[in-house]
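Chemist: Sequence and predicted model, in that order:
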2 protein chains.
Amino acid sequence: MVKRMNEKIKIRRIDYLPARQVTFSKRRRGIFKKAEELSILCESEVAVIIFSQTGKLFDYSSSSTKDVIARYKSHTGGEKWDQITLHQLQLEKENTIRLSKELEDKTRKLRQMKGEDLQDLDLDQLNKLEKLVEASIGRVIKTKEKKIMSEIMAHANKGAELIEANNQLKQRMVMLSAGGDIGPAGIMELDNLNNVGEEGVTSESATNVTTCSSSAFSLEDDCSDILSLKLG
Amino acid sequence: MVKRMNEKIKIRRIDYLPARQVTFSKRRRGIFKKAEELSILCESEVAVIIFSQTGKLFDYSSSSTKDVIARYKSHTGGEKWDQITLHQLQLEKENTIRLSKELEDKTRKLRQMKGEDLQDLDLDQLNKLEKLVEASIGRVIKTKEKKIMSEIMAHANKGAELIEANNQLKQRMVMLSAGGDIGPAGIMELDNLNNVGEEGVTSESATNVTTCSSSAFSLEDDCSDILSLKLG
DNA sequence: GTGGCTATTGTTAGGGA
DNA sequence: GTCCCTAACAATAGCCA
């Protein structure tokens, strides 16, 4: 039998690893026992949570550690953390429901504007809708015409500028050719270029306006199906 | 000085309240001391949470009780509780964003269908839109005409039934008057009622069809403003 | 890591202030 | 609730298996 040194231990880190591990194990159980005794003797709720140096978890609770933690949170205002999150979640869900309803409403109205799902409308609603759509097409056509005009004007202006620029170039060419090596053939080519530019601008615009059968109305992905519907 | 009875105490509830309170106080501090010693001796993280019988909270921690609890949660999978809620919140927020975008898109398309906000569309899009609206108005008018026809038919049928019923009533009246107290005046009233009913049904429908200036297009709360827009 | 041993130290019941 | 006191008891350091 080995006696202890006649010296009480100091409460400081135990450097010798094996001794520290043993002490950890013994004292840990000691605390758990004390905790249990306290909870029984005094009818109290006790939880002890211990992490060893290596990160291992040991816990004791007279009831359930989680319950004690929950009670702890409610006593320290920690309840708020969860409740705030839950409340945010609740708000977010209500928001989602609201948005879904609005979206559904907008979707239905859009379909009706496109002439779909009309069977549930009464005569009054159909007349209102008809007026809406008529007013709409008037504005669409007006807008389109304005756009066409502005594009024509833009192209015409650009064409005029080009003609003016080319005329100036031709003049220079003539001046240079008078004392240089460029003959009449070169001037003819410039003339042709000029004419092509002038007519091309306006005729392209006009073609776009009258035919317009090319690209899809890209903003209306879910409207394009209408084009294939039978109107009968 | 009073000696203790030569009997070790049993670990059971202390019935005498003052003694229980004192024991609670002493042992509580004893546990906290042990906990601190353990944390120092073995470089471990310790938390002790105690609720007295009266619900009062006492806690010790080598660092911070909340930190230890957080660490406890992460070790017991309790992390999931918060993370699930947070994840749900995250999903809900993403959902909200998605719905908001869809709603914005639908709102914009609806406005364009109504002939508003067209300035940003190019010629191609305007032409597509024009075709959509034209197709729409065709369907709206067709639907309206069908509705009118069916209403007329319904009213006409009902009118015919009424006429038939009234004729039968008139016959009975005539038969009764032959041996009773109803004179020619009564028969005339029945005739008038008959005519009013017959014409009233069809004329009301026709009026509705041509004028239709009464109630609002209730499905289009945010479309009604269009009616007051100037088209020039 | 656990458990036993034992000398020593620490805790605490019971009492009083 | 606290602190002190003291005797009794519990916990545990150091060591081994």
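Modeler: Received it, and whenever you're ready, just let me know what you need.
Chemist: Without its sequence neighbours, what residue ends up closest to residue A:88?
Modeler: residue B:89 (5.8 Å; Cβ to Cβ, 6 or more residues apart in numbering or on different chains). Bear in mind the C-beta positions are built from the backbone N, C-alpha and C, glycine included.
Chemist: could you pull out the helices for chain A?
Modeler: A:17-41, A:65-75, A:79-113, A:123-178, A:184-210 (DSSP state H).
Chemist: what's the angle from the first one to helix B:17-41?
Modeler: Read it as helix A:17-41. 160 degrees (axes from the mean of the first three to the mean of the last three Cα atoms, to 10 degrees).
Chemist: Show me which residues of helix A:17-41 are buried.
Modeler: The neighbour-count check on helix A:17-41 (16 or more other Cβ atoms under 10 Å in any protein chain shown) flags A:20, A:23-24, A:27-28, A:31-32, A:34-41 as buried.
Chemist: before we move on, what about the shortest one?
Modeler: Residues of helix A:65-75 classed as buried: A:65, A:66, A:68, A:69, A:71, A:72, A:73 (neighbour count, 16+ other Cβ under 10 Å).
Chemist: just stretch A:89-106 next, same as before
Modeler: For stretch A:89-106, burial by neighbour count (16+ other Cβ under 10 Å) applies to A:89, A:92, A:95, A:96, A:99, A:102, A:103, A:106.
Chemist: so which of these comes closest to residue B:136?
Modeler: Using Cβ to Cβ, residue A:106 comes nearest to residue B:136 of the buried residues of stretch A:89-106, at 16.2 Å.
Chemist: How is chain A divided into domains?
Modeler: Listed by the TED database, the domain ranges of chain A are A:17-76, A:78-120, A:122-176.
Chemist: Check the gap between residue A:94 and residue B:88 for me.
Modeler: The spacing between residue A:94 and residue B:88, counted by Cβ to Cβ, to the nearest Å, is 14 Å.
Chemist: Also residue A:116?
Modeler: 36 Å.
Chemist: For whichever strand in chain A runs longest, name the packing helices and strands.
Modeler: Counting by DSSP state E, the longest strand found in chain A is strand A:45-51. In terms of contacts (3 or more Cβ pairs under 8 Å, 6 or more residues apart in numbering or on different chains; DSSP states H and E), strand A:45-51 is packed against helix A:17-41, strand A:57-61, helix A:65-75, helix B:17-41, strand B:45-51, helix B:65-76.
Chemist: residues in contact with whichever residue of chain A sits closest to DNA strand D?
Modeler: Per Cβ to the nearest atom of the strand, residue A:30 is where chain A lies closest to DNA strand D, at 2.1 Å. Listed by Cβ atoms under 8 Å, 6 or more residues apart in numbering or on different chains, the contact set of residue A:30 reads residue B:34.
Chemist: Are stretch A:98-106 and chain B in contact anywhere?
Modeler: Yes. Stretch A:98-106 lies in contact with chain B when judged by Cβ under 8 Å from any Cβ of the partner chain; the contacting residues are A:99, A:100, A:102, A:103, A:106.
Chemist: mind checking which helix or strand of chain A has the lowest mean pLDDT?
Modeler: helix A:184-210 (a mean of 45; mean pLDDT, DSSP states H and E).
Chemist: What parts of chain A come near DNA strand D?
Modeler: For chain A, the contact set with DNA strand D under Cβ under 7 Å from any atom of the strand comprises A:1-2, A:4-5, A:9, A:14, A:19, A:22-23, A:26-27, A:29-31, A:33-34, A:37.
Chemist: burial of the closest residue to residue A:144 other than its chain neighbours, as a residue count?
Modeler: By the measure of Cβ to Cβ, 6+ apart, the closest residue to residue A:144 outside its immediate chain neighbours is residue B:126, 4.3 Å from it. By other Cβ atoms under 10 Å in any protein chain shown, the residues close to residue B:126 number 22.
Chemist: Hmm, residue A:142 and residue B:126 touching each other?
Modeler: No. Using Cβ atoms under 8 Å, residue B:126 is not in contact with residue A:142, being 10.2 Å away.
Chemist: Give me every residue in chain A lying close to DNA strand C.
Modeler: Checking chain A against DNA strand C by Cβ under 7 Å from any atom of the strand, the hits are A:1, A:3-4, A:6-9, A:21-22, A:25, A:34, A:41, A:52, A:54, A:56.
Chemist: Return the closest of those residues with respect to residue A:112.
Modeler: residue A:56 (66.4 Å).
Chemist: burial measure for that closest one, as a count.
Modeler: Close neighbours of residue A:56, defined as other Cβ under 10 Å, add up to 11.
Chemist: So what does it have for phi and psi?
Modeler: phi -80, psi 140 (degrees, to the nearest 10).
Chemist: Per-residue pLDDT of it, please?
Modeler: pLDDT, residue A:56: 92.
Chemist: Quickly note the distance from it to chain B.
Modeler: For residue A:56, the distance to chain B equals 9 Å [Cβ to the nearest Cβ, to the nearest Å].
Chemist: cool, residue A:27 as well?
Modeler: Residue A:27 is 5 Å from chain B, by Cβ to the nearest Cβ.
Chemist: show me what contacts that residue?
Modeler: B:34, B:37, B:38, B:41, B:42.
Chemist: any idea how far the residue in chain A positioned nearest to DNA strand C lies from residue A:147?
Modeler: Chain A approaches DNA strand C most closely through residue A:25 (3.0 Å), counting by Cβ to the nearest atom of the strand. Noted for residue A:25: a distance of 85 Å to residue A:147, by Cβ to Cβ.
Chemist: just residue A:18 next, same as before
Modeler: 88 Å.
Chemist: where does chain A have low pLDDT?
Modeler: Scanning chain A for pLDDT under 70 picks out the ranges A:1, A:78-81, A:179-232.
Chemist: at 50 instead, please
Modeler: Within chain A, the segments meeting pLDDT under 50 span A:182-183, A:186-188, A:190, A:193-232.
Chemist: so residue A:49 bridges to which residues?
Modeler: Note on residue A:49: beta-bridge partners by DSSP bridges are residue A:59, residue B:47.
Chemist: who's in contact with it?
Modeler: A:57, A:58, A:59, A:65, B:46, B:47, B:48, B:49, B:68, B:69, B:72.
Chemist: and of those, the nearest to residue A:157?
Modeler: residue B:69 (75.0 Å).
Chemist: For the residue nearest to that closest one when sequence neighbours are not counted, give me its contacts.
Modeler: Using Cβ to Cβ, 6+ apart and skipping the chain neighbours, the partner closest in space to residue B:69 is residue A:69 (5.3 Å). Residues in contact with residue A:69, defined by Cβ under 8 Å, 6+ apart, are A:47, B:49, B:69, B:72, B:73.
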